[in-house]
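K.L.:
Take a look and give me a structure for this.
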Amino acid sequence: MRDLVQGLKGAGLANKTVRNIYGTLHRLFEDAVAYEVLDKSPCRLTRAELPKNVDRDPRWREEAVFSRAELVQLLFDPRLPDVNRMMYGLLGLTGARTGEVVALTWGDYQEAEPLDRLSVHRSFNAKAREFRPTKTEVPRRVPAHPLLGVLLAAWKDRWSAEFGREPTPEDLIIPWVPRSGRMRPWRTDTIWKRLDQDLAQLGLRHRRAHDLRRTFISLCREDGAREDLLKWVTHGRPPGIMDVYTTPRWATLCAQVEALKISPPNDEGPPPSGPRDGALEGSGLTDDGLQSDLQGPEDPEITGGKGWSRRESNPRPKVGPARSTTCVVSRVEFRTSVARRHTTRSPIL
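P.N.:
Sure thing, here's the model as predicted:
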């Protein structure tokens, strides 16, 4: 086993990759011992014999974040497909992990005051093709930033128009629609590849989808959110014994998310707090092109080569690449949409 680890390090693999390979083998052999297939496990390396869990490039992590302007561009640039921008909104305005975002259903989004609530309680595992608990196995309540509320309300209007019905609580907020026509959760590798393509189109440097989580936490703390309370939003209840007996008030958690100062293009200053309007106006989303955005071409470059669609005896015609229409967002439109939901709450969401 020592020779294997040294060989992996000599092959130029990152320290974390070597540790992950060793960790997988360690669990494999421990199970073999437990089921009496082996008498003992060969994975007996000490901590000092394993490579340190550090980045190959020590400068990389400091740059693995989006600026405020770049995040706004990902949410509102009309060159990007609407469905991509909605995905980036959920990732960048909640701090949720990619698998958690693709597992969100409309039943997980509820009206509340002073901000609406997202319930993050499961994650989608693309390899196993099943829903599992979150990484920490701790469900959490995530306040919906005022800007995210506008985007979700507009997205729900488009969702209903495309599928000809109101979404049920069990329907995914952003479904992937393969050729079979059945809604599926997005694969995380598909999101990564789309983000790579979108960043290239915008002329921005490469970053990962997970860096939107880092961006949300960084910007919230920069804008005044308290670290001890923001953890309840991004990671769930801490494991300490006092935290087990602690339940922060909802308004307290909302204040941490509301601290994030981010506005649509042409807006002056942070968006006002409170509920949002359900109209498309001011959201940057449009009411056409949804099917091509959700579905896109059945291309291995997009789907990772492992789509869930089955062979059809009478396949539908192929659709073109995802498209987006002109996005026009003004300060007046956005503030009007926010103010309207202060007085007229939508019966849905």
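
K.L.:
now Gly240: how far from Asp228?
P.N.:
Gly240 is 11 Å from Asp228, where distance means Cβ to Cβ, to the nearest Å. (C-beta placed from N, C-alpha, C; glycine too.)

K.L.:
next SSE after the lengthiest helix in the chain?
P.N.:
If you go by DSSP state H, the chain has its longest helix at helix 15-34. Sequence order places helix 68-76 as the next helix or strand after helix 15-34, per DSSP states H and E.

K.L.:
which residues in this protein form helices?
P.N.:
Counting by DSSP H, the helices of the chain are 2-10, 15-34, 68-76, 82-94, 98-102, 146-163, 188-202, 211-222, 227-234, 241-244, 250-258, 290-295, 300-303, 331-343.

K.L.:
Tabulate the ones you listed (CSV), appending mean neighbour count, distance to Lys135 and mean pLDDT.
P.N.:
Converted to CSV, the helices of the chain look like this (neighbours: other Cβ atoms under 10 Å; distance: least, Cβ to Cβ, whole Å; pLDDT from 0 to 100):
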stretch, mean neighbour count, distance to Lys135, mean pLDDT
helix 2-10, 13, 25, 89
helix 15-34, 14, 15, 92
helix 68-76, 20, 23, 96
helix 82-94, 26, 15, 95
helix 98-102, 25, 8, 96
helix 146-163, 22, 22, 92
helix 188-202, 17, 13, 95
helix 211-222, 20, 11, 97
helix 227-234, 17, 11, 96
helix 241-244, 10, 17, 92
helix 250-258, 19, 20, 97
helix 290-295, 20, 27, 53
helix 300-303, 14, 24, 38
helix 331-343, 17, 33, 46
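
K.L.:
Verify the stated contact: Pro248 with Trp232.
P.N.:
Yes. Between Pro248 and Trp232 there is a contact under Cβ atoms under 8 Å: 5.8 Å.

K.L.:
tell me the contacts of Cys43?
P.N.:
By Cβ atoms under 8 Å, 6 or more residues apart in numbering, Cys43 lies in contact with 1, 22, 25-26, 29-30.

K.L.:
what about it, distance to Gly7?
P.N.:
15 Å.

K.L.:
beta partners for the closest residue to Arg141 other than its chain neighbours?
P.N.:
Closest residue to Arg141 apart from its sequence neighbours, by Cβ to Cβ, 6 or more residues apart in numbering: Arg117 at 5.6 Å. Beta bridges link Arg117 to Gln110, Pro143, judged by DSSP bridges.

K.L.:
The longest helix of the chain - contacts with which helices or strands?
P.N.:
Applying 3 or more Cβ pairs under 8 Å, 6 or more residues apart in numbering; DSSP states H and E, we find helix 15-34 packed against helix 2-10.

K.L.:
Just want the angle from the helix it packs on to helix 15-34.
P.N.:
160 degrees (axes from the mean of the first three to the mean of the last three Cα atoms, to 10 degrees).

K.L.:
which residues sit against helix 2-10?
P.N.:
Residues from elsewhere that reach helix 2-10, judged by Cβ under 8 Å, 6+ apart: 15, 17-18, 21-22, 45, 49-51.

K.L.:
One more: stretch 59-70?
P.N.:
Residues from elsewhere that reach stretch 59-70 (Cβ under 8 Å, 6+ apart): 55, 74, 92, 204-205, 207-208, 211-212, 214-215, 218-219, 261-262.

K.L.:
Farthest-apart pair in the residues you listed, please.
P.N.:
Farthest-apart pair in the contacts of stretch 59-70 is Asp55 and Lys261; separation 29.7 Å (Cβ to Cβ).

K.L.:
Skipping its backbone neighbours, what lies nearest Thr168 in space?
P.N.:
Closest residue in space to Thr168, ignoring its immediate chain neighbours: Trp106 at 7.0 Å, by Cβ to Cβ, 6+ apart.

K.L.:
give me the number of residues near the one you found?
P.N.:
19 (other Cβ atoms under 10 Å).

K.L.:
Model confidence at it, what's the number?
P.N.:
Turning to Trp106, the model gives it a pLDDT of 97.

K.L.:
Gly95 and Asp211: what is the separation?
P.N.:
When distance is defined by Cβ to Cβ, Gly95 is 11 Å away from Asp211.

K.L.:
Looks like Gly224 contacts Glu258 (just checking).
P.N.:
No. At 10.0 Å, Gly224 does not count as touching Glu258 under the criterion of Cβ under 8 Å.

K.L.:
Now list whatever residues contact both of the two.
P.N.:
Taking Cβ under 8 Å, 6+ apart as the contact rule, Gly224 and Glu258 touch no residue in common.

K.L.:
Does Leu90 touch Ala103 like I think?
P.N.:
No. Counting by Cβ under 8 Å, Leu90 does not reach Ala103; the two are 10.9 Å apart.

K.L.:
sorry, back to before: make JSON lines out of the contacts of Cys43 and add distance to Asn266.
P.N.:
Rendered in JSON lines, the data for the contacts of Cys43 read as follows (distance: Cβ to Cβ, whole Å):
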{"residue": "Met1", "distance to Asn266": "60"}
{"residue": "Tyr22", "distance to Asn266": "52"}
{"residue": "Leu25", "distance to Asn266": "55"}
{"residue": "His26", "distance to Asn266": "54"}
{"residue": "Phe29", "distance to Asn266": "59"}
{"residue": "Glu30", "distance to Asn266": "58"}
